[in-house]
Each structure stands twice: as C-alpha cells, then as structure tokens.
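> Got a sequence here, can you build the structure:
(chains A and B)
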Amino acid sequence: AQSVTQPDIHITVSEGASLELRCNYSYGATPYLFWYVQSPGQGLQLLLKYFSGDTLVQGIKGFEAEFKRSQSSFNLRKPSVHWSDAAEYFCAVGAKSNTGKLIFGQGTTLQVKP
Amino acid sequence: DVKVTQSSRYLVKRTGEKVFLECVQDMDHENMFWYRQDPGLGLRLIYFSYDVKMKEKGDIPEGYSVSREKKERFSLILESASTNQTSMYLCASYLSGRVSYEQYFGPGTRLTVT
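The predicted structure is shown next:
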C-alpha cells in the first residue's frame, strides 16, 4: 500500500540549532516527493519538491531535503533554525499524473526554544 | 500568484445541520481537492474534482458530498453534520499537466459541530 510515515510527531529544537525532519515512504512507482509547511492558522505552503535528477534539493526559507531511494526516505534539513520556523511540516508523495493527487504523512510539529 | 480562498475561517454548526464549505480558486485549475486535517492523522482526501461536474471519492468520503458547477468553485457539503466531523478542512487546487505538480492550498476552515 502507498503510504508516507513521519516518525516524529513533535520535535523541539533550540534557535540556531540544526534540524532534521524524517520522512519515509512506500510507493510502487517512481515517487514525486514534497515537503509542505503550515504556519499556525494558515494553509499549506510548498517548501520544496523532488521529481528527478540531483537528489539534494533546495527549497525556500533555507530548507533542503535529500532523496535516498535505497532508504525510501526524503528527510528535510535546515542548518540553523529560526524562531519563525515553528510550524507543522508535512511530507507528501505522488506520481506524475494529470490529477495531482498526493498522499500526506501525519505531520511533524516543530517547536523552537529561544 | 495562485489564490485559493475558503468562505469561512471558523464555523460552528449544530448536529444534524446541513453545512456548506466553499472554495474558490482564481487560476483556472482543472483539479480541486477537499482534505480533512486532524492531529496525528495528517491530511486525508475526502473528494477531488478533475473538471466541472466531475468528481471522485477520496479516502474518507462517508458523510460528505461535493458540488462543482463552475470551474473555479468547489463546494463540500455535510448533509447532516455530526460531532465527529469537527475538524479543519482544507481546499487545494492543481493545474493538470503543469510541470511543478504543486497543489495550492486555501487557509482552511475550522469547523466545530456541537
């Protein structure tokens, strides 16, 4: 079955520390992978996406993610977290299709300590 | 920029009421989606529509119906609201065939059924 797992429901990091949010997927076809962020009271905003090519992708707000096919993972990283990064983060997987349907993970809530 | 708007940010309804959630997008996208977001469960697809008057059930369609009479507008209908439908509802749109395969989200409607 197709699925996305974000093992960490809640993560707390200190401001200025590095961050890694984990994402594992199970998908039969070649996956298209996404990370979205949801700030409090807001809709989801795309951080970055991977379709093909370089397995390290850069996104907005200083985030990056690395696709590892052998581990079925697409972990999100940031070298130095800012207080404004506190939000909920969703990993999603889809296929190249006309519908654009995605499967989302459970989400990881990031808290940033001053 | 694509803009997806939802008719209400917060809504309180009574059990048994018929509830309409409206979503409008301004970029002529063919595909539109309704998701339900609950803590620890991520986003779950209720229905999606790939054209006017065309719809497909998602993963959790029970208790919901949808209407798409115009391309820009996608409505979610709770025929008889129940307390277990208290949730955050997110609408998204997607341009078929677009290279980015990005879904664009509205700000969400937080529905409380009492």
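> Name all residues that make contact with the residue of chain A positioned farthest from its centre.
The centre of chain A is farthest from one residue, residue A:114, which by Cα atoms, centre = their mean lies 23.1 Å away. Each residue near residue A:114 by Cβ atoms under 8 Å, 6 or more residues apart in numbering or on different chains is listed here: A:14, A:15, A:83. All C-beta spots, glycine's among them, are computed from the backbone N, C-alpha and C.
> any weak-confidence spans in chain A?
Along chain A, segments meeting pLDDT under 70 span A:96-98.
> Strands of that one, residue ranges please.
Counting by DSSP state E, residue ranges of the strands within chain A are A:3-5, A:10-14, A:19-21, A:24-26, A:32-38, A:44-50, A:56-58, A:64-68, A:73-78, A:87-94, A:102-104, A:108-113.
> looking at these, which is closest to residue B:53?
The stretch from these with the least distance to residue B:53 (Cβ to Cβ) is strand A:102-104; that distance is 23.2 Å.
> Surely residue B:84 is within a helix?
Yes. Secondary structure assignment (DSSP: H, G, I helix; E, B strand; the rest coil) places residue B:84 inside a helix.
> give the contact list for the residue nearest in space to the middle of chain B.
Closest to where the C-alpha atoms of chain B average out (Cα atoms, centre = their mean) is residue B:34, at 2.7 Å. For residue B:34, the set of contacting residues under the criterion of Cβ under 8 Å, 6+ apart consists of B:21, B:23, B:45-48, B:58, B:64, B:66, B:74, B:76, B:89-91.
> try 7 Å this time
Applying Cβ atoms under 7 Å, 6 or more residues apart in numbering or on different chains to residue B:34 gives the contacts B:46, B:47, B:66, B:74, B:76, B:89, B:91.
> and after the strand ranked longest in chain B, which helix or strand comes next?
Among all segments of chain B classified by DSSP E, the strand with the greatest residue count is strand B:42-51. Note on strand B:42-51: by DSSP states H and E, the next helix or strand toward the C-terminus is strand B:54-57.
> what are the pairing partners of the helix or strand just after that following strand, and which direction each?
Later in the chain than strand B:54-57, the nearest helix or strand by DSSP H and E is strand B:64-70. Paired strands of strand B:64-70, with direction, are strand B:73-78 (antiparallel) (DSSP bridges).
> any idea of the mean pLDDT in the partner strand?
Averaging pLDDT along strand B:73-78 gives 97.
> same thing with stretch B:42-51?
The model assigns stretch B:42-51 a mean pLDDT of 94.
> That one close to chain A?
Yes. Using Cβ under 7 Å from any Cβ of the partner chain, stretch B:42-51 reaches chain A at B:42, B:43, B:48, B:50.
> Just say helix, strand or coil for the spatially closest residue to residue B:48 that is not a sequence neighbour.
When the adjacent residues along the chain are set aside, residue B:48 lies closest to residue B:33, with 4.4 Å between them (Cβ to Cβ, 6 or more residues apart in numbering or on different chains). Secondary structure assignment for residue B:33 (three-state DSSP): strand.
> right, and residue B:33 touches residue B:44 too?
No. With the criterion set as Cβ atoms under 7 Å, residue B:33 and residue B:44 do not qualify as a contacting pair; they are 10.9 Å apart.
> I'd say residue B:67 and residue B:75 touch.
Yes. Taking Cβ under 7 Å as the definition, residue B:67 is a contact partner of residue B:75 at 4.5 Å.
> So for those two, which sits in the more crowded spot?
Remark: of residue B:67 and residue B:75, residue B:75 carries more neighbours, 19 against 16, as counted by other Cβ atoms under 10 Å in any protein chain shown.
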